[in-house]
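Q: sequence and predicted structure below; questions after.
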Protein chains: 2
Amino acid sequence: MRLSRYFLPVLKENPAEAQIASHRLMLRAGMIKQASAGIYSWLPLGFKVLRKLENIVHEEQVRAGHIPMLMPTLQSADLWRESGRYDDYGEEMLRITDRHGRDMLYGPTNEELITDIFRSHVGSYKDLPLTLYHIQWKFRDEIRPRFGVMRGREFFMKDGYNFDLTKEDALHAYNRHLVSYLRTYERMGLQAIPMRADGGPIGGDYTHEFLVLAETGESEVFYDSEITDLRFGEREIDYNNVAQCQEILEEFTSRYARTDETHDEALFNEIPQERQRSARGIEVGQIFYFGTKYSEPMGATVQGKDGKPVPVHMGSHGIGVSRLVGAIIEASHDDKGIIWPEGVTPFHVGIVNLKQGDSEADAACEALYRSVEALGLEPLYDDRDERAGGKFASMDLIGLPWRITVGPRGLKNGVVELTCRRTGTSEELPPEQAVEKIAKIYHVHHGAGMVEPMAKRSFHTWM
Amino acid sequence: MRLSRYFLPVLKENPAEAQIASHRLMLRAGMIKQASAGIYSWLPLGFKVLRKLENIVHEEQVRAGHIPMLMPTLQSADLWRESGRYDDYGEEMLRITDRHGRDMLYGPTNEELITDIFRSHVGSYKDLPLTLYHIQWKFRDEIRPRFGVMRGREFFMKDGYNFDLTKEDALHAYNRHLVSYLRTYERMGLQAIPMRADGGPIGGDYTHEFLVLAETGESEVFYDSEITDLRFGEREIDYNNVAQCQEILEEFTSRYARTDETHDEALFNEIPQERQRSARGIEVGQIFYFGTKYSEPMGATVQGKDGKPVPVHMGSHGIGVSRLVGAIIEASHDDKGIIWPEGVTPFHVGIVNLKQGDSEADAACEALYRSVEALGLEPLYDDRDERAGGKFASMDLIGLPWRITVGPRGLKNGVVELTCRRTGTSEELPPEQAVEKIAKIYHVHHGAGMVEPMAKRSFHTWM
């Protein structure tokens, strides 16, 4: 993309309404614009990141054997009366009356709707196990929306639901989700720690929240420092392998890690003191096993092996996709702006022309642009007629992990400058070597397409 | 995908509520389930098609130089009061009050919101031309929703908005949209004819609707039969080329083609009688140029070349993405079910095992499955232990364009059967030749990824 043809309205001033870094930086980098309280338009740069996160979530869910679908944003109140949650949910549920006077609501979650789909179409234990999920806009009418997309009212969330014959099978589904979530967050460049959590209004005997450590987190968390050394890495996963998923769950959840809601001081003090940590965390996902809580009142049964109807065992599993954009920025920024992890960056490399209009500099930038595109990567070329200082400030603000700087002086010596946003270090090298380095960083091989750091991507999409 | 692990709840009976083929077939093929009146859940098969259409729209919009973003579903009433449409819009607008008593609405379209974004961030003629678009769920509270996704209340639509300094520039944007829409529909296997239309509540001096001819269409249309011979085909387009876009507009709009709203009997009768046609059509898109209708009341001005503020010239351009799923089915089905065009089919080829459990048949199916996947294509393998008749009926119903049938008898002679859904013709050939034919049909070359019929796809996505 050439910046002169893009829509990237960066702000020079810090917006007064933003209290935390991610909110401030998303406004300043032209990623979002508030439409009304807690409701945002995603400007082109923000939408690109949101879509990348959505695609990673899809890819990892499909890899785990979960099936994508899409439920609507508006739901009928009747289903929520069946489960008993219509009256319980309180003022956070946005209630709507249509032109015929029917009670509706903007879905804050989808247990009722998915259970209705299940009971209408599935009749036998032979159709299980089944896990369906979707990624859709939701609404919670927060009394005081704040922190930008971190605590908005309209938000984008992945929610998945497993249906199993037995508690044992449902716990495997729970473990499968935990494993797939670990992979998902790590691909986004995040360390999200599964912590024992409280069921809350969804209910649930087994539940873990995934928390990203960040100073601005809304939760106080307590953990054994060993947990931050764990990495998911490149391991091969067979999601049908019950023992393997169980082992990974144990590896990542056996050490002490809890939010203040479930914190147990006595247990915490059993950890050697030098490993006791308390910090703040941002919740970016949660998994639940809740058994027959919805299937019983709503009559979601299957014919069991003995021919008798049994209510299915269910769980629900969420990832806050729009919130993750904020969480990644909270975890990865500095005074100058955002620092995108390579796996989610909106553009792979920035190209800065120090002397727009200089025929050699222009030609070198164009050649670099085409070389990066030929790798299947996306460059953002700042081709505006602006001063170098302003171009650098914009690139630092929007946080592309790599920048190539092209100027007449360097070109005389046959070199351009490749700069790492995270470390700030630069090296001078010939343009073709800069492109080769970029290819290596993103695991791209000439003519072979991109290889994601965590897993070989197949050509066709996650669907 | 293996059918035994998929969620494809096909119905044997015709649903009583469905009056037209697409509604009936989408319900029967397990593509959708009604959640409440005019609101649908997209089950896995339906969601796959919806997502394919969404991707085609994105690819063609980005190719035309338009910039993707995303506006929220809920909007503040205040903006609509500024444009004067809050009171005008009538009961189709779903009005909502939040917990603080603020007036909101579920966006039926986005002229106000995008104009607000524009006026907040764009100040100079140098930032033009600019075209922003998004694909988002919308709501119109139809008094009598019917025909499934064809006239639903919650629907998925692409809407794009151009901002230009002059009427001349805005008319080029109008032409660019017309051209990109022609490409878009043709990639979906549709012939959508641009017809002179009426501005309606959006307003507009220049407007064309795109109509797909189908018996169940809601509009009566009148046209010169020569128009149905026009094909967009493989032509190279430079979307910055004003003359080229204008020529294509003229090629596709100079012959008589109007809906009943703008029909002119006298003009129609000037066509030689043997070319006069009347038929029914489904509207799948519309483009508008409306000048300064929104920019003037809402103060969306830029500083012109002479330093004085001028209101920008705008247009809006929509494609009904969810409605298109129905329109494609209306245009392409038979008594047995849907017939997907290759460009939008949810799976590229079905594999039917005539004798599940027979070790040779099972092995041959598995090998075919892997070969098709290795091409970057998606097979749907009916691996259920069911009778051949039932498997064929399901495959015909869901409408995959190609089917490979594998049975012990054929395998003894070293052959499988390749069947074309549209023509019903079959041929026997060795499995590897069947895979090669599939590769050719979808323009796939071993190791080189898929080539779309209309245009070489770059590896990275439309973003």
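A: Okay, I see it.

Q: let me see the ranges of the helices in chain A.
A: Across chain A, reading from the start of the chain, the helices by DSSP state H fall at A:21-28, A:44-63, A:77-83, A:85-88, A:111-121, A:167-187, A:242-253, A:265-268, A:295-298, A:321-331, A:359-374, A:388-398, A:408-412, A:431-441.

Q: need the winner for burial among those helices.
A: With neighbours defined as mean count of other Cβ atoms under 10 Å in any protein chain shown, the helices of chain A peak in mean count at helix A:321-331, which reaches a mean of 26. For glycine as for every other residue, the C-beta is placed from the backbone atoms N, C-alpha and C.

Q: remind me what that helix packs against, helices and strands.
A: Counting contacts by 3 or more Cβ pairs under 8 Å, 6 or more residues apart in numbering or on different chains; DSSP states H and E, the secondary-structure elements packed against helix A:321-331 are helix A:21-28, helix A:44-63, strand A:154-164, strand A:206-213, strand A:276-291.

Q: switch the cut-off to 6 Å
A: Helices and strands in packing contact with helix A:321-331 are listed as helix A:21-28, helix A:44-63, strand A:154-164, strand A:276-291; criterion 3 or more Cβ pairs under 6 Å, 6 or more residues apart in numbering or on different chains; DSSP states H and E.

Q: for the last one, buried residues please.
A: When burial is assessed from 16 or more other Cβ atoms under 10 Å in any protein chain shown, strand A:276-291 yields the following buried residues: A:277, A:279-291.

Q: turn those into TSV, columns for pLDDT and distance to chain B.
A: What follows is those, written out as TSV (pLDDT from 0 to 100; distance: Cβ to the nearest Cβ, whole Å):
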residue	pLDDT	distance to chain B
A:Arg277	97	38
A:Ala279	97	33
A:Arg280	96	28
A:Gly281	96	27
A:Ile282	97	22
A:Glu283	96	22
A:Val284	97	20
A:Gly285	97	21
A:Gln286	96	23
A:Ile287	96	21
A:Phe288	94	21
A:Tyr289	94	20
A:Phe290	91	21
A:Gly291	94	21
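
Q: JSON lines for the helices and strands packed on helix A:321-331, including distance to B:Val406?
A: Output for the helices and strands packed on helix A:321-331, formatted as JSON lines (distance: least, Cβ to Cβ, whole Å):
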{"stretch": "helix A:21-28", "distance to B:Val406": "53"}
{"stretch": "helix A:44-63", "distance to B:Val406": "26"}
{"stretch": "strand A:154-164", "distance to B:Val406": "31"}
{"stretch": "strand A:276-291", "distance to B:Val406": "40"}
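
Q: what about the residue of the stretch 251-400 of chain A found nearest chain B, how many neighbours?
A: Minimum separation of the stretch 251-400 of chain A from chain B (Cβ to the nearest Cβ) falls at A:Gly376, amounting to 4.0 Å. The burial metric for A:Gly376, expressed as a neighbour count using other Cβ atoms under 10 Å in any protein chain shown, is 19.

Q: tell me the confidence at it?
A: In this model, A:Gly376 is scored at 92, pLDDT.

Q: next: the one 5 residues further on.
A: If you check A:Tyr381, the pLDDT there is 98.

Q: go on, A:Ser22?
A: On pLDDT, A:Ser22 comes in at 97.

Q: hmm, A:Glu330 and it touching each other?
A: Yes - the pair A:Ser22 / A:Glu330 is scored as a contact, 4.8 Å apart, by Cβ atoms under 6 Å.

Q: the most far-flung residue of chain A relative to its centre and chain B, how far apart?
A: Relative to the centre of chain A, the most outlying C-alpha is that of A:Lys412, 43.8 Å out, by Cα atoms, centre = their mean. Here A:Lys412 is placed at a distance of 31 Å from chain B (Cβ to the nearest Cβ, to the nearest Å).

Q: ditto for A:Ala170
A: Using Cβ to the nearest Cβ, A:Ala170 is found at 17 Å from chain B.

Q: and that residue, what does it touch?
A: A:Asp164, A:Tyr289, A:His313, A:Gly315 (Cβ atoms under 6 Å, 6 or more residues apart in numbering or on different chains).

Q: where does the stretch 201-350 of chain A dip in pLDDT?
A: Under the criterion of pLDDT under 70, the regions of the stretch 201-350 of chain A flagged as low confidence span A:201-205.

Q: which bits of it sit near chain B?
A: For the stretch 201-350 of chain A, there are no residues in contact with chain B under the definition Cβ under 6 Å from any Cβ of the partner chain.

Q: change it to 10 Å
A: Proximity of the stretch 201-350 of chain A to chain B, by Cβ under 10 Å from any Cβ of the partner chain, involves residues A:Ser322, A:Pro346, A:Phe347, A:His348.

Q: between the residues you listed, which is nearest B:Gly84?
A: Nearest to B:Gly84 among those: A:Ser322, at 31.9 Å, using Cβ to Cβ.

Q: could you find the closest non-adjacent residue to the closest one?
A: Distances taken as Cβ to Cβ, 6 or more residues apart in numbering or on different chains put A:Phe156 closest to A:Ser322, at 4.0 Å, once the chain neighbours are dropped.

Q: would you agree the one you found is in contact with A:Val321?
A: Yes - because the distance of 4.5 Å satisfies Cβ atoms under 10 Å, A:Phe156 is recorded as touching A:Val321.

Q: what touches both of these two?
A: Counting by Cβ atoms under 10 Å, 6 or more residues apart in numbering or on different chains, the common neighbours of A:Phe156 and A:Val321 are A:Leu50, A:Leu53, A:Glu54, A:Ile135, A:Gln136, A:Trp137, A:Val149.

Q: closest to chain B out of these?
A: Of all the shared contacts of A:Phe156 and A:Val321, A:Trp137 has the smallest distance to chain B: 5.8 Å, by Cβ to the nearest Cβ.

Q: in terms of contact, does A:Ser278 touch A:Phe222 like I think?
A: Yes - shown here, A:Ser278 and A:Phe222 form a contact pair, counting by Cβ under 10 Å, at 5.0 Å.

Q: picking that back up, out of the contacts of A:Ala170, who's nearest A:Glu250?
A: A:Glu250 lies nearest to A:Tyr289 out of the contacts of A:Ala170, by Cβ to Cβ, at 15.9 Å.

Q: so what's the nearest residue to A:Leu94 once chain neighbours are set aside up against?
A: Using Cβ to Cβ, 6+ apart and skipping the chain neighbours, the partner closest in space to A:Leu94 is A:Tyr106 (4.3 Å). Contacts were defined as Cβ under 10 Å, 6+ apart; by that measure A:Tyr106 touches A:72-75, A:93-96, A:137-141, A:153-154, B:73-74, B:96, B:106.

Q: on that earlier part again, shared neighbours of A:Ser278 and A:Phe222, anything?
A: In the contact map built from Cβ under 10 Å, 6+ apart, the residues linked to both A:Ser278 and A:Phe222 are A:Asp260, A:His263, A:Phe268.

Q: report how many residues lie close to the residue nearest to the last one when sequence neighbours are not counted.
A: Using Cβ to Cβ, 6+ apart and skipping residues adjacent in sequence, the residue nearest A:Phe268 is A:Phe222, 5.4 Å away. Residue crowding around A:Phe222 was assessed by other Cβ under 10 Å; the count is 22.
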